[in-house]
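Visitor: Following is a predicted model, sequence given first.
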Amino acid sequence: MAKVEIAVIQGELKGLLLVFLRPQCVLFGRAADATIRITDDPFVSRHHFLLEVSPPFVLLSDLGSKNGVFVNDTRYGSREPGAGNERNGPVPPKSVFLANGDRVVVGQNRLVVNIMETENRALPVRRKTSAKWNLPFTGVPSTAMGELSSETLIGPYHLGQEIGRGWMGAVYQAIDTRSGVLVAVKTMVPNVVFSDEAAESFLANARRFLGFEHPSVCGLIDIRRTGNIFTSVQEFVDGFDLFRFLALRGGKLNLEEAIPIMLDVLAGLSAEDQKFHRNLKPQNILVSGQGKWIRAKISDFGLYRAMEISGLTQMILSGLYADSVCYWPRERITFFEQAFAPSEVFSAAAVFYEMLTGFLPREGLRELKNESRRTGSIPGLAEFLRVIAERKPTPILERNPEIPKRVAEVIDKALSEPIIRRGQEIPEPILSTARYRDAETFREALLEAVEFHGIAPKKTEADFSEGFEAPGEKIDAALLVVDLEGSTQLVNKNGTHFFTEIVNSFHSLFQNHESRKELRFLKCTGDGFFAIYRQANEALQAARAVIAEAKRNDVQVRVAMNFGKITIASDGDFLGREVHKLFRIEGLKNSDRVSDTPVSFPTHGRILVTRSFAEKAAGKFLDIGLFRLKGFEEPCEVLLFCEQ
Ligand SMILES: Nc1ncnc2c1ncn2[C@@H]1O[C@H](COP(=O)(O)OP(=O)(O)OP(=O)(O)O)[C@@H](O)[C@H]1O
Ligand SMILES: [Mg+2]
């Protein structure tokens, strides 16, 4: 077993000794909730540095402090004038893995790190992080994590295709060979060296959830260990996780659609005695349409908590952060070792916030995620803490003014971040007062607000008549494609930045236009957009707005529209002949005409539609003839939308 000790040997906290046997975070600074809180040293910043301890590893990260941190006389981080300019050499690195005996100095304060390993393993050495997959741990290659081939038999479960992948492994569809029931088998590879004892503790803690049934919880059917891999068998949900469902719906949901999901999630969180999920995020909320019902179930209930209790969660440079930490309240880092019910309230509210606005509650988090995706690096907890320390959640009405006031108040309250004075105050009652005590109380408040505004949560099957379709299902829809004409030339001429701004302006147009309520799906195609609407008239309104926006921005666009049957793919995208046809019509030229209709049409700023679309939409359309579409044998009748 490994142990880490941090001893303060000089400064106002001289004599303090912190001992860690399991993962922990240590915040050093003047902040009220800092673990090592300094009050009278002008060299210490509020959030000075963070230690991510995962015995025997300790990662020190400067949190953008003014003066930086010295480890054995080498400086890490700092905002000091002159540091990191040409004359003074490169910017000091921000993070370093500490080694046994390292001395950490900030102002008057001196800390010594002692690392002990009792299992005859080598102690870690001090080294700078390279920010990428620089894992000093088990060395399990990330791509091979938990990968099993289909047709494998795990106990009585016969694995089929992979249906998803998370930070610890993969999820497969499987059949219970005894009953023929479809299940989901999830593999988990903890990225720590673990003892049999820890593994047993994990299994025992997770098994407490076996057989637990609740309509809003994805039931745990079995849990096993094979060598380094744990497998959990859960109820299979035929639908999408909320992350993909949101993408499918154009990034956010309207309130009517979101309410049943929110109420289900909170009912699920209220269900278990302990009420701790600890890993709530859109990926762990599974949305399905039973008939036309939208139902949400929480997956992985109990698993993360069981890992945490058994010390199996690897805290340093863990892929977990990229998804989950965006939904964490501040105290998940500053009071890392403790679990509070109001922290679950915050995480649920953060998911709801994103669902209703298309934004994460805190500014800066999405940028951090995008940056990590772009560079392939894994942000550490310290980077998240820097955002959390600087930015409180933005009030929800600033992101979406259409949310009814009482509902907005409830969500903002659930996202409150009170200051907790470490050592003087007990966190739980403070968090409970600032937010809601638990998911149940949050649910009651939300329900009351919804009813106050006269929005009846949809309860019966008939209420969901326009509802939800499963993968493979065919639906009738209005399809729209926008091409930013000559987008490559646009980038070459005006630069990527200009192009990004243009794309963003069109994107927010789709998101905020009144046609949005009928928007079913939206994605950027690289040189434009592909959108799906339930109704042709709303799609046409959006197309007209696109043409107006193009004029305003002085860019050229081509729009094509179609109406017909399309199939929902399992990743939430849409497939089918009508989609292909749409993309062919977008680039149509006069020379593609097969009929001898003498009407010509513009090369850009145009909306071309099929006959089936024109029949569904209220507008004036001019028949421009029959056209040959590449890949289609029969010619297609195309019409031009004419502004009155
Ligand atoms: N019971 C299930 N039924 C259907 N699909 C599932 C089920 N469980 C998971 N999935 C799918 O598999 C994906 C990967 O799940 P997994 O739990 O491995 O990753 P994650 O949720 O992103 O991360 P974490 O390990 O933190 O929960 C999910 O996002 C979801 O789409
Ligand atoms: Mg999951």
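Guide: Yep, that arrived. Ligands and ions are numbered 1, 2, ... in the order given.
Visitor: and Asp196, how many neighbours?
Guide: 8 (other C-beta atoms under 10 Å). (Each C-beta comes from the backbone N, C-alpha and C, glycine too.)
Visitor: repeat for Glu151
Guide: A count of neighbours around Glu151, defined by other C-beta under 10 Å, yields 8.
Visitor: Over to Asn120?
Guide: A count of neighbours around Asn120, defined by other C-beta under 10 Å, yields 5.
Visitor: so which strand or helix has it?
Guide: For Asn120, there is no host helix or strand (DSSP states H and E).
Visitor: any idea of the mean pLDDT in the longest helix belonging to the chain?
Guide: Ranked by residue count and defined by DSSP state H, the top helix of the chain is helix 487-512. Averaged across helix 487-512, the pLDDT comes to 81.
Visitor: Looking at the residue of the chain most remote from its centre now. What's its pLDDT?
Guide: Centroid-distance maximum for the chain: Asp596 at 52.9 Å, with C-alpha atoms, centre = their mean. Predicted confidence (pLDDT) at Asp596: the value is 89.
Visitor: Enumerate the positions of the longest helix of the chain that are buried.
Guide: The neighbour-count check on helix 487-512 (16 or more other C-beta atoms under 10 Å) flags 487, 490-491, 499, 502-503, 506-507, 509-511 as buried.
Visitor: again with stretch 546-563
Guide: Quick answer for stretch 546-563 (16+ other C-beta under 10 Å): 546-547, 549-550, 555-563.
Visitor: Format the residues you listed as a markdown table; extra columns: secondary structure.
Guide: Converted to a markdown table, these look like this (DSSP: H, G, I helix; E, B strand; the rest coil):
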| residue | secondary structure |
| --- | --- |
| Val546 | helix |
| Ile547 | helix |
| Glu549 | helix |
| Ala550 | helix |
| Val555 | coil |
| Gln556 | coil |
| Val557 | strand |
| Arg558 | strand |
| Val559 | strand |
| Ala560 | strand |
| Met561 | strand |
| Asn562 | strand |
| Phe563 | strand |
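Visitor: Just send these back as JSON lines, with distance to Lys523 and pLDDT too.
Guide: Shown next, in JSON lines, are the buried residues of stretch 546-563 (distance: C-beta to C-beta, whole Å; pLDDT from 0 to 100):
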{"residue": "Val546", "distance to Lys523": "15", "pLDDT": "95"}
{"residue": "Ile547", "distance to Lys523": "20", "pLDDT": "94"}
{"residue": "Glu549", "distance to Lys523": "18", "pLDDT": "92"}
{"residue": "Ala550", "distance to Lys523": "19", "pLDDT": "92"}
{"residue": "Val555", "distance to Lys523": "19", "pLDDT": "89"}
{"residue": "Gln556", "distance to Lys523": "21", "pLDDT": "91"}
{"residue": "Val557", "distance to Lys523": "16", "pLDDT": "94"}
{"residue": "Arg558", "distance to Lys523": "17", "pLDDT": "96"}
{"residue": "Val559", "distance to Lys523": "16", "pLDDT": "97"}
{"residue": "Ala560", "distance to Lys523": "16", "pLDDT": "97"}
{"residue": "Met561", "distance to Lys523": "16", "pLDDT": "98"}
{"residue": "Asn562", "distance to Lys523": "16", "pLDDT": "97"}
{"residue": "Phe563", "distance to Lys523": "19", "pLDDT": "97"}
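Visitor: And this protein, split by domain according to the record?
Guide: Described in terms of automatic domain parsing, the domain architecture of the chain consists of the residue ranges 2-117, 467-642.
Visitor: ok, back up a step: from the buried residues of stretch 546-563, which two are the most distant?
Guide: Largest separation among the buried residues of stretch 546-563 by C-beta to C-beta: Val555 and Phe563, giving 26.5 Å.
Visitor: hmm, back to that, which residue sits closest to the residue farthest from the centre of the chain, ignoring its sequence neighbours?
Guide: Setting aside the residues directly before and after it, Asp596 is nearest to Gly625 in space (C-beta to C-beta, 6 or more residues apart in numbering), at 7.8 Å.
Visitor: Fine by me, we can end here.
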